[in-house]
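J.: Output the structure for:
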Amino acid sequence: MVDAERKQKLLMNINKLNAYTEIQNTMGRMIAALNFRQKEKVVDFFALDQKDVSFEYADEGVFEGKDAVIAGIEYLLGKEVKPGEMIDLQLTTPVIEVADDCRTARALWWSPGAASVLRENEDPQAQWIWGDFAVDFIYEHDEWKIWHLHYFTLIHCDYHKGWVDDTSLINRPNTPMHDNAQPSTWHNPYHPKAIRYGIPAAPYPYETWKEEDRYWMLRNDKTR
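T.: Numbering: from 1, shown residues only. Reported below is the predicted structural model:
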């Protein structure tokens, strides 16, 4: 006969497995919406009922709170799509840790990508855009939502020149930050004269959410 403790552990593992699949699908659908600049759909994947919901993209800053997240996504995805434009980010190598209480989860994906950027009086520029997504999820209203999302740039360069010869795109233009943006927590893309750190980190197993672990992804450790 299976005792109560073993039953409880089995149920927890089943719930974690279900959560893993749901989180993978949620993130995949969000990226699909992002790639096609469907800003309203991207916003819908965020836990907007959480006061500290946040969205951080490269060195564009941290957008925290419902209004700031919506403004940040509008800022990055709101332009009209034009012929010849393209961005396509992929998700690979997922590391997902669902809390033992199944109320939150932490996840990391590597994200190779490519883009076609329009230029005035020239052909579109082909670009490499590679990075990592570190994400906190929270379970609310019977579904998994994005609570904190941080996209870390690894390389951003001209396709033909490559990431060693072209470092002109790794930092945002020298223009004012968005009014809703707070300073970025971390931005250290590849540069031929810089050391690469193991950030973002892969999440560790954990029992329940603790505010002291909010920035787990900034540990200099890719492994457990």
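
J.: Confirm for me that W163 is in contact with I155.
T.: Yes - counting by C-beta atoms under 8 Å, I155 is a contact partner of W163 at 4.0 Å. Any C-beta I mention is one placed from the backbone N, CA and C, and that applies to glycine too.

J.: shared neighbours, those two?
T.: Shared contacts of W163 and I155 (C-beta atoms under 8 Å, 6 or more residues apart in numbering): W128, Y190.

J.: quick one: buried residues of the lengthiest helix in the chain?
T.: Ordering each helix of the chain by length in residues (DSSP state H) puts helix 4-35 first. For helix 4-35, burial by neighbour count (16 or more other C-beta atoms under 10 Å) applies to 16, 19-20, 22-24, 26-27, 30-31, 33-35.

J.: Tell me which other helices or strands that helix touches.
T.: On a contact count with 3 or more C-beta pairs under 8 Å, 6 or more residues apart in numbering; DSSP states H and E, helix 4-35 meets helix 39-44, strand 86-89, strand 92-98, strand 104-111, strand 122-140, strand 143-158.

J.: Swap in 10 Å and give it another go.
T.: Applying 3 or more C-beta pairs under 10 Å, 6 or more residues apart in numbering; DSSP states H and E, one finds that helix 4-35 contacts helix 39-44, helix 66-77, strand 86-89, strand 92-98, strand 104-111, strand 113-119, strand 122-140, strand 143-158.

J.: Minimum distance to Q8: which of those has it?
T.: Q8 lies closest to strand 92-98 among the helices and strands packed on helix 4-35, at 15.5 Å (C-beta to C-beta).

J.: what angle do the closest one and strand 122-140 make?
T.: Inter-element angle recorded for strand 92-98 and strand 122-140: 20 degrees (by axes from the mean of the first three to the mean of the last three C-alpha atoms, to 10 degrees).

J.: now strand 92-98 against helix 4-35, angle please.
T.: Using the same axes, to 10 degrees, strand 92-98 lies at 140 degrees relative to helix 4-35.

J.: can I get the CA coordinates of strand 92-98 in PDB?
T.: C-alpha atoms of strand 92-98 as PDB (Å, rounded to 0.1, in the frame of the first residue of the first chain):
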ATOM      1  CA  THR A  92      16.200  26.000 -27.200                       C
ATOM      2  CA  THR A  93      17.700  24.100 -24.300                       C
ATOM      3  CA  PRO A  94      15.000  24.800 -21.700                       C
ATOM      4  CA  VAL A  95      15.900  24.500 -18.000                       C
ATOM      5  CA  ILE A  96      12.700  24.800 -16.000                       C
ATOM      6  CA  GLU A  97      12.300  24.400 -12.300                       C
ATOM      7  CA  VAL A  98       8.800  24.300 -10.800                       C
END
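
J.: how many neighbours does E143 have?
T.: Residues contacting E143 under the criterion other C-beta atoms under 10 Å number 12.

J.: who's in contact with it?
T.: Shown in contact with E143 (C-beta atoms under 10 Å, 6 or more residues apart in numbering): E22, T26, F45, A47, F137.

J.: for N25, same thing?
T.: N25 neighbours (C-beta under 10 Å, 6+ apart): W144.

J.: Check what pLDDT it gets.
T.: Looking at N25, its pLDDT is 98.

J.: and if you look at K79?
T.: K79 carries a pLDDT value of 88.

J.: Setting aside sequence neighbours, what's the nearest residue to the residue positioned nearest the centre of the chain?
T.: The centre of the chain sits closest to F133, judged by C-alpha atoms, centre = their mean, with a distance of 3.3 Å. Closest residue in space to F133, ignoring its immediate chain neighbours: W109 at 4.6 Å, by C-beta to C-beta, 6 or more residues apart in numbering.
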